[in-house]
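Q: next input, structure requested:
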Amino acid sequence: MAQRTDEQIVAGYLRDGKLRILPKKLSRQLLVLRWVVDRFALGTKYSEQEVNEILTALHPDYAMLRRALVDHRFMSRDAGIYWKEPI
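A: A predicted model of the protein is given here:
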């Protein structure tokens with residue numbers, strides 16, 4: 001059986017371009033978070049409200065996604081300002 005590509009794995013967690021669930025398995029979770037963080041531009045500063053709006057378009061639990069992005073160092077924050085980290 002052929003190995004699935006990263007894109008195929010991420011697609012399994014999406015429906016109509018939105019995230020259904022965040023995978024429990026860390027390796028898959030990181031693939032999905034990489035897909036999520038692609039909605040942010042490198043070098044751009046975002047307010048928490050802007051981050052929430054972008055994430056809400058992907059999944060209703062924007063706070064969980066925001067936390068995961070920061071916890072796994074896809075994004076950083078300081079005083080309510082967020083930015084994408086280079087991967």
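Q: where does this structure dip in pLDDT?
A: Per-residue confidence of the chain (counting by pLDDT under 70) places the weak regions at 1.
Q: give me the most central residue, it.
A: residue 36 (2.9 Å; CA atoms, centre = their mean).
Q: can you tell me what sits against the helix or strand hosting it?
A: Counting by DSSP states H and E, the element that carries residue 36 is helix 26-37. Applying CB atoms under 8 Å, 6 or more residues apart in numbering, the external contacts of helix 26-37 come out as 6, 9-10, 13, 19, 22-23, 55, 58, 65, 68-69, 72, 74-75, 84, 87. Using the backbone N, CA and C atoms, a C-beta is placed for each residue, glycine as well.
Q: filter these to the buried ones?
A: The neighbour-count test (16 or more other CB atoms under 10 Å) marks 9-10, 13, 19, 22-23, 55, 58, 65, 68-69, 74-75, 84 as buried among these.
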